[in-house]
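Asks: Compute the structure for the input listed below.
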Amino acid sequence: MRITHLSLTNFRNYARLELALQPGVIILHGDNAQGKTSLLEAIYYLATSRSPHSTADRQLINWLAVNDPLPHARLVADVKTRVGSKRIEMTLLNEPSGRATRFKKDIRVNGLPRRVMDLLGQITVVMFLPQDLALVEGPPTLRRRYLNITLCQTSAEYAHALNQYEHVLAQRNALLRQFQEQGKRFDAAQLEFWDEKLASSGALIVAGRNDLIRELERRAQKIHRDLSGDGEHLRLRYQPGFDASADTPEQMAFDAGDLGAAALPDLPAKEVAARFREALKLRHRDDWLRGQTSIGPQRDELRFLVNGRDLSLYGSRGQNRTAVLALKLAELDWMQEKTGEWPILLLDEVAAELDEKRRGYLLDSIDGAEQVLLTTTETSLLPAPFREGAQVWRVIGGTIEMEGK
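Replies: Okay, here's the model as predicted:
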């Protein structure tokens with residue numbers, strides 16, 4: 001898979017960009033704040049509908065366009081895959097709505113309007129970022145987001161289940177708040193209606209995450225051994241936000257704040273849903289007192305263990321960096337096998353973040369990728385043979401110039 005042409009209008013610091021992209025490795029170099037990362041961000045956004053750097057999409061609109069009558073940003077990519085070509089378009093609008101503005105996102109695939117769910121999987125990407133260490137050291141929300149983005153790119157069923165779960169969870173929490181805030185009599189029957197829907201979609205999420213983590217672990221262990229030596233053994237531990245391994249009501253009524261006992265056996269989604277539904281029922285009164293749903297995939301956790309020690313608690317900086325690199329390369333291998341083609345690789349300042357050994361291992365591992373975009377402030381950090389086989393572009397103030405090899 002690769003992008004053949006990229007068009008940006010009022011996106012970040014690109015007022016206007018028309019760029020033809022060739023296959024192979026593209027090195028984007030230049031000083032900081034010139035637009036290197038923004039170019040990678042645009043491709044990632046077209047693939048996932050999310051920015052890796054901003055939680056508010058309206059911040060992606062170029063600040064010089066804020067005073068336009070209709071502030072907007074537009075992203076267009078022509079994409080070539082093993083089964084054909086397509087055009088992905090996204091328009092971000094700040095529309096006037098009374099005295100305020102309303103943000104709108106318009107998505108089109110081959111000219112036809114589409115939902116966000118329909119966008120996912122049209123372009124597949126794997127992105128390496130300097131802040132990827134947060135996957136080990138940061139809060140659980142980052143790890144859940146990582147799992148969701150990876151799975152949504154490859155499974156429409158997972159994307160639909162996730163969307164359904166988030167909608168139902170919001171409805172169930174709203175009902176719990178009504179019970180609590182309005183002094184309404186607790187009605188278990190009303191909660192059980194939402195329990196059924198929550199368990200159905202939640203079981204698909206749990207099963208999808210469990211399968212992915214097992215596949216990533218299998219691949220990452222070998223990569224980790226290559227990078228760290230045979231003395232260190234990497235494990236990825238999935239801890240569902242409810243105890244799916246429990247066989248009795250007493251076991252299911254565990255404290256959701258302590259996920260250490262949680263585990264997921266090899267069970268069909270239907271059985272996982274039944275156990276989740278029973279666990280929800282046992283938490284009714286606690287959820288009523290809290291005013292929110294206390295168990296479920298929104299509480300899932302992923303742990304990185306080396307020789308049985310939790311890296312988030314005991315890992316050194318070097319150990320954490322090695323674990324993340326192994327995870328990302330495992331993701332790349334898994335996604336290539338799952339989709340039947342290379343995803344687009346986006347590498348943001350990895351040359352400066354990795355030592356020579358890890359950097360060399362990464363560059364060797366992506367040899368053969370159909371399209372790689374790599375940013376750096378110092379091209380000298382990259383091996384000469386790698387530079388000689390790549391296209392080199394200089395980024396200056398939102399403009400891009402191709403340089404000779």
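Asks: show me what contacts Y165?
Replies: Neighbour list for Y165: 198, 201-202, 205, 296-297 [criterion: CB atoms under 8 Å, 6 or more residues apart in numbering]. (C-beta placed from N, C-alpha, C; glycine too.)
Asks: Pretty sure it sits in a helix.
Replies: Yes: using DSSP: H, G, I helix; E, B strand; the rest coil, the assignment for Y165 is a helix.
Asks: Tell me how far it lies from H284.
Replies: 19 Å (CB to CB, to the nearest Å).
Asks: what does the one helix or strand Y44 maps to rub up against?
Replies: Assignment of secondary structure by DSSP states H and E places Y44 within helix 36-48. Here helix 36-48 makes contact (CB under 8 Å, 6+ apart) with 3, 6, 8, 11-14, 28-30, 50-53, 60, 75, 77, 88, 90, 119-120, 122-125, 127, 149, 152-153, 344, 346, 348-349, 373, 375, 395, 400.
Asks: Quickly note the distance from D118 to R285.
Replies: Per CB to CB, D118 is found 40 Å from R285.
Asks: Compare neighbour counts for these two and give me the winner.
Replies: Set D118 next to R285 and count neighbours by other CB atoms under 10 Å: D118 wins out with 15 against 10.
Asks: Isn't L8 up against R16?
Replies: Yes: with contact defined as CB atoms under 8 Å, L8 counts as touching R16 (7.3 Å).
Asks: Between these two, which has more neighbouring residues?
Replies: L8 (24 against 13).
Asks: The more buried one belongs to a strand?
Replies: Yes: checked against three-state DSSP, L8 lies within a strand.
Asks: ok, now which ones touch I366?
Replies: 332, 345, 372.
Asks: Buried among these? Need that as a selection in PyMOL.
Replies: Burial among the contacts of I366 is assessed by 16 or more other CB atoms under 10 Å; the matching PyMOL selection reads:
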select buried, resi 332+345+372
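Asks: Follow the chain on from the helix ranked longest in the chain and name the next helix or strand.
Replies: Of all segments of type helix in the chain, defined using DSSP state H, the longest is helix 188-228. Where DSSP H and E defines the elements, the next helix or strand beyond helix 188-228 is strand 234-239.
Asks: Let me see the mean pLDDT of that next one.
Replies: Averaged across strand 234-239, the pLDDT comes to 94.
Asks: Give me the contacts around it.
Replies: 209-210, 213-214, 216-217, 220-221, 224-225, 259-260, 262-264, 300-306, 308, 323, 326-327.
Asks: Please apply the same query to stretch 52-59.
Replies: 37, 41, 44, 51, 60, 92, 94, 103, 105, 127, 129.
Asks: Filter those down to the buried ones.
Replies: The buried subset of the contacts of stretch 52-59 (16+ other CB under 10 Å) comprises 37, 41, 44, 51, 60, 92, 94, 127, 129.
Asks: Which of these scores worst on pLDDT?
Replies: Lowest pLDDT among the buried ones among the contacts of stretch 52-59: N94, 81.
Asks: and that residue, backbone torsions?
Replies: Backbone geometry at N94, expressed as degrees, to the nearest 10, gives phi -100, psi 90.
Asks: One more: H5?
Replies: Here is the backbone geometry of H5 (degrees, to the nearest 10): phi -150, psi 140.
Asks: Make sure it is actually in contact with L17.
Replies: No: counting by CB under 8 Å, H5 sits too far from L17 to count as a contact (10.7 Å).
Asks: who's more crowded, these two?
Replies: Neighbour comparison, H5 and L17: the larger count goes to L17, with 19 against 14 (by other CB under 10 Å).
Asks: neighbouring strands for the helix or strand harbouring that one, and are they parallel or not?
Replies: Using DSSP H and E, L17 sits within strand 14-20. Neighbouring strands of strand 14-20 in its sheet, by DSSP bridges, are strand 2-11 (antiparallel).
Asks: Tell me where the stretch 1-150 of the chain is predicted with low confidence.
Replies: Along the stretch 1-150 of the chain, the model assigns pLDDT under 70 to residues 69, 97-100.
Asks: care to break this protein down by domain?
Replies: 2-124+344-403, 140-310 (automatic domain parsing).
Asks: Those: which one's closest to L133?
Replies: The closest of the domains of the chain to L133 is domain 2-124+344-403. By CB to CB, the value is 8.7 Å.
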